[in-house]
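*Asks:* using only what follows, build the 3D model:
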Amino acid sequence: MSLALEHKRRVLAQGSAAVAQVAAAAALPYSPGEALSSPANARKHLKLMEAGLDEDLVRLKAIQSLAGKQDLKRTELLPKYQDYIHRYLESGLVMPNRVLVQVLVWLFDTTQFDDALELADIAIEQGQLMPERFKRRDIQTFVADAVCEWAYAEYQAGRSPEPYLSNLLPRVDGEWELTEQIPSKYHKLIGMRAMEAEEWETALRHLERSTELYAKAGNDTRIDKCRKALAKQQPAPTGTD
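*Replies:* Down below sits the predicted model:
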């Protein structure tokens, strides 16, 4: 999968970091190739990975700036754990895997959405659970919230949130069981962008769906504007003799 290809690229670029990872692997009581050769070995290896993960989470917590946290995730932590995730997925084993879920969270945190959505599909299929600190949100809710929050931030910054906003809509409003406010926000933003493009029918359809899902979405003025714009486009009635 693409996660593994990205990891290999980064390892080649890091040089000395690759040597350090090889040395760490040599310290294991078994080779990396044997680590996931059986459920028993996989569980032992997972505990080692989780121990390292806990140390890295403490490191992250000690960093005050968001930019510093993001840099650590991108340049060190994700390359460090993505190789394990690739080997875990190739093994065909399925078990509760906190490392996989944390990698998923970091991919969304660093807006690497292609890899993040790919891994999210796998995590959902495997029935993985979000960490306790996410207040019992399931992976579907986390993914929908993460993309929605990013999409609105992109919109406010004058950038396009596509294709992720529209691509995720069929899952958010249909496939996944989510609170109504979440798909309502997706439809609202798509409708707002359609209004700016003067695509009034598309805008009205999404804004009405947003309101249908969540009555307090705040779309009344926009819906009224869309309807008036569409009315102006209608040909004037012709008189008859």
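
*Asks:* which parts of the top helix by length along the chain are buried?
*Replies:* Using DSSP state H to define each element, the chain has its longest helix at helix 39-62. Residues Asn41, Ala42, His45, Leu46, Met49, Gly52, Leu53, Asp56 are the ones in helix 39-62 that count as buried (16 or more other CB atoms under 10 Å). C-beta: built from backbone N, CA, C; applies to glycine.

*Asks:* and of those, the nearest to Val105?
*Replies:* Proximity of the buried residues of helix 39-62 to Val105 (CB to CB) peaks at Leu53, which lies at 11.3 Å.

*Asks:* measure the residue lying closest to the closest one once chain neighbours are set aside to Ala153 for me?
*Replies:* Once flanking residues are discounted, Leu53 sits nearest to Val99: 5.6 Å by CB to CB, 6 or more residues apart in numbering. To Ala153, Val99 is 28 Å away according to CB to CB, to the nearest Å.

*Asks:* who has more neighbours out of the two?
*Replies:* Set Val99 next to Ala153 and count neighbours by other CB atoms under 10 Å: Val99 wins out with 17 against 12.

*Asks:* surely that one and Lys47 touch.
*Replies:* No: using CB atoms under 8 Å, Val99 is not in contact with Lys47; the gap is 10.3 Å.

*Asks:* what do the two both touch?
*Replies:* Common neighbours of Val99 and Lys47, counting by CB atoms under 8 Å, 6 or more residues apart in numbering, are absent.

*Asks:* contacting residues around Phe134?
*Replies:* Phe142.

*Asks:* what's the pLDDT at it?
*Replies:* If you check Phe134, the pLDDT there is 84.

*Asks:* go on, Thr240?
*Replies:* For Thr240, the model assigns a pLDDT of 56.

*Asks:* and for Arg43?
*Replies:* Value listed for Arg43 in the pLDDT field: 89.

*Asks:* wait, it sits on Met95?
*Replies:* Yes: if you go by CB under 8 Å, Arg43 and Met95 touch, sitting 6.9 Å apart.

*Asks:* need the residues touching each of those two.
*Replies:* In contact with both Arg43 and Met95: no residue, using CB under 8 Å, 6+ apart.

*Asks:* picking up where we left off before, who's in contact with the residue nearest to Leu53?
*Replies:* Taking CB under 8 Å, 6+ apart as the contact definition, Val99 lies against Leu46, Met49, Glu50, Leu53, Tyr81, Tyr84, Ile85, Tyr88.

*Asks:* now the helix or strand harbouring the last one - C-alpha only, CSV.
*Replies:* Meaning Tyr88. Using DSSP states H and E, the element containing Tyr88 is helix 78-91. These are the backbone C-alpha positions of helix 78-91, laid out as CSV (Å, rounded to 0.1, in the frame of the first residue of the first chain):
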residue,chain,number,x,y,z
LEU,A,78,5.0,8.4,11.1
PRO,A,79,8.0,7.0,9.3
LYS,A,80,8.9,5.1,12.5
TYR,A,81,5.5,3.4,12.8
GLN,A,82,4.3,3.1,9.3
ASP,A,83,6.7,0.2,8.5
TYR,A,84,5.2,-1.8,11.4
ILE,A,85,1.7,-1.0,10.2
HIS,A,86,2.6,-2.2,6.7
ARG,A,87,4.0,-5.5,8.1
TYR,A,88,1.0,-5.9,10.3
LEU,A,89,-1.4,-5.5,7.4
GLU,A,90,0.6,-7.9,5.2
SER,A,91,0.5,-10.6,7.9
